[in-house]
Structure formats: structure tokens, C-alpha cells
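Student: Okay, sequence plus prediction incoming.
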Amino acid sequence: MFQELFPILATGDLPRALGFYRDLLGFEVTYRFPPDGEPAYVALDLGRSHLGIGADPSATEPVGDGDRFTLWVYADDCDAAVEHLRGHGVRVLAEPADQPWGERMAEVADPDGNRVIVASRG
């Protein structure tokens, strides 16, 4: 019945969100609408994962410390990935730490305040 799911994030600043997801996390833009000029929507891929980001003028305030949405992103090296993000001004919510299930993880905030977990497998 159901075949696939992907999240769509709303942002008041699409170029800023693209700077985080495309430029810092390495997502590839696979679709944009409209195709010319400033996009209102972009589709992104990272490996086998898909993410949509839509421009929404009403989504101008960061979510703060709420837990509206969380994304989990695997990196080759959690510590190096967090340092890369920190070096680009990304707010680190929780430093990298070993987890009881064998992974290492940290938490950062995207430009709209959404929680992004950065982890590496054990």
C-alpha cells in the first residue's frame, strides 16, 4: 500500500537552510521548483535518504528548544563532523558521546532550530 516516505521542512529562509543541508551536510539538490530564479521548494538526496525543503514566509522564527522535528544523520566520524559544523557557526546542543548501543552521537541545531543528531556507527 505505502511505498516511500520523506520529510519536508518548512523554512522562512530557504537559502540559509540550503547552506546547512546542502553545503555543510552534503545533500545533493535533485529537484527545484520553479526551475529558474529563487526556488520555492527543493528536493535533496543524501545517499538513499530524501529531504524536501519548502519556503514558507510564515516560518520565520526558529523553533528554539522545542522538539518539533528531529533528523538523524550518520557521518563517517561524529567528532570530525561536529567540529566541521561548529567551525561554520552551527550551534552544538550536545557534544559527541558514546552511547550504550555502540554508536557515538551528538546533537546540533539547523538554522531554523530543528534538532539534527549526528552519529557514527560503532
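Tutor: Done, it's in.
Student: Please make it C-alpha for all contacts and neighbour counts, starting now.
Tutor: Noted.
Student: Identify each buried residue in the lengthiest helix in the chain, please.
Tutor: Ordering each helix of the chain by length in residues (DSSP state H) puts helix 78-87 first. Neighbour-count burial for helix 78-87 flags 78, 79, 81, 82, 85 (criterion: 16 or more other C-alpha atoms under 10 Å).
Student: residues contacting residue 52?
Tutor: 6, 7, 8, 9, 41, 42, 43, 44 (C-alpha atoms under 8 Å, 6 or more residues apart in numbering).
Student: Can you give me the domain assignment for this structure?
Tutor: 1-58, 61-122 (automatic domain parsing).
Student: mind listing what the very next helix or strand once past the longest helix of the chain pairs with, with the direction of each?
Tutor: Sequence order places strand 92-98 as the next helix or strand after helix 78-87, per DSSP states H and E. In the sheet, strand 92-98 lines up against strand 104-109 (antiparallel) (DSSP bridges).
Student: could you check the angle helix 78-87 makes with the strand it pairs with?
Tutor: 20 degrees (axes from the mean of the first three to the mean of the last three C-alpha atoms, to 10 degrees).
Student: Strand 104-109: which residues count as buried?
Tutor: Those would be 104, 105, 106, 107, 108, 109, for strand 104-109 by 16+ other C-alpha under 10 Å.
Student: just stretch 110-122 next, same as before
Tutor: Using 16+ other C-alpha under 10 Å as the test for burial, stretch 110-122 gives 110, 111, 112, 113, 114, 115, 116, 117, 118, 119, 120.
Student: Greatest separation within those: which pair is it?
Tutor: Spatial extent of the buried residues of stretch 110-122 (C-alpha to C-alpha) is set by the pair 112 and 120 at 23.6 Å.
Student: any weak-confidence spans in this protein?
Tutor: 1-3, 60-68 (pLDDT under 70).
Student: which ones are touching the spatially most central residue of the chain?
Tutor: Nearest to the geometric centre of the chain sits residue 21, at 5.0 Å (C-alpha atoms, centre = their mean). Neighbour list for residue 21: residue 27 [criterion: C-alpha under 8 Å, 6+ apart].
Student: in which helix or strand would I find residue 16?
Tutor: Using DSSP H and E, residue 16 falls in helix 14-18.
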